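> Have a look at this fold, sequence not included:
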């Protein structure tokens with residue numbers, strides 16, 4: 001079994017631990033975790049996330065997981081604001097640089113956090129996915145930095161296609177994000 005698959009197999013037991021859901025042992029830190037992986041494993045991770053959710057999706061389960069795919073959220077937000085169709089026109093008329101500026105101005109962390117807070121009731125575990133798909137319009141550290149205002153007592157696992165060393169995030173193992181040191185590696 002590869003190291004990657006061995007790490008995947010540790011996720012469900014971690015989520016089942018009482019200290020995971022209660023946040024004990026973290027020195028009163030927020031319960032934010034990062035599961036980092038090599039980007040070439042993206043499709044396997046997506047399938048495994050479905051498996052994890054299915055594992056806990058039964059009557060009486062004490063883990064209720066909700067997944068927020070940041071890319072899908074960006075699309076939904078653009079559709080809600082009725083600008084989705086204009087995105088393609090803008091790119092064609094004004095170019096990629098203008099499109100990038102417009103989308104990064106529009107895709108503020110507050111917009112995502114508002115949607116998350118509206119939908120999180122009744123759940124006690126949050127998965128953040130779509131990190132690589134939504135780059136560069138949304139930066140994962142911006143979401144995490146602001147998320148503690150919305151989810152201060154719900155564990156969050158960010159599935160991150162890159163490297164997290166406990167101090168900094170490197171998307172795709174190449175793009176250095178700003179430092180983020182409040183999350184814990186879910187599995188070493």
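Alright, I've got the coordinates. What you see is a predicted model, and the numbers here were worked out from it, not measured in a lab.
> Which strand runs longest in the chain?
strand 156-164 (DSSP state E).
> Are there helices or strands packed against it, and which ones?
When contacts are defined as 3 or more CB pairs under 8 Å, 6 or more residues apart in numbering; DSSP states H and E, strand 156-164 sits against strand 32-37, helix 42-56, strand 125-129, helix 131-134, helix 140-147, strand 168-171. Bear in mind the C-beta positions are built from the backbone N, C-alpha and C, glycine included.
> Taking their axis directions, it and strand 32-37 sit at what angle?
40 degrees (axes from the mean of the first three to the mean of the last three CA atoms, to 10 degrees).
> Would you mind getting the angle between strand 156-164 and strand 125-129?
Angle, strand 156-164 to strand 125-129, by the same axes, to 10 degrees: 40 degrees.
> and strand 156-164, which strands flank it?
strand 32-37 (parallel), strand 125-129 (parallel), strand 168-171 (antiparallel) (DSSP bridges).
> Any chance of those in CSV with mean neighbour count, mean pLDDT and distance to residue 3 as columns?
Listed next are the strands paired with strand 156-164 as CSV, based on neighbours: other CB atoms under 10 Å; pLDDT from 0 to 100; distance: least, CB to CB, whole Å:
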stretch, mean neighbour count, mean pLDDT, distance to residue 3
strand 32-37, 23, 93, 10
strand 125-129, 22, 96, 21
strand 168-171, 19, 82, 18
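> Out of those strands, the one nearest residue 57 is which?
strand 125-129 (11.7 Å; CB to CB).
> what's next to that closest one, contact-wise?
When contacts are defined by CB atoms under 8 Å, 6 or more residues apart in numbering, strand 125-129 is touched by residues 15, 21, 46, 49, 52-53, 56, 63-70, 116, 120, 140, 143, 151, 154-159.
> Which among those count as buried?
Buried members of the contacts of strand 125-129, counted by 16 or more other CB atoms under 10 Å: 15, 21, 49, 52-53, 63, 65-70, 116, 120, 140, 143, 151, 154-159.
> tell me, what residue is most central in the chain?
residue 128 (2.2 Å; CA atoms, centre = their mean).
> Tell me the spacing between it and residue 2.
Distance from residue 128 to residue 2, counting by CB to CB, to the nearest Å: 24 Å.
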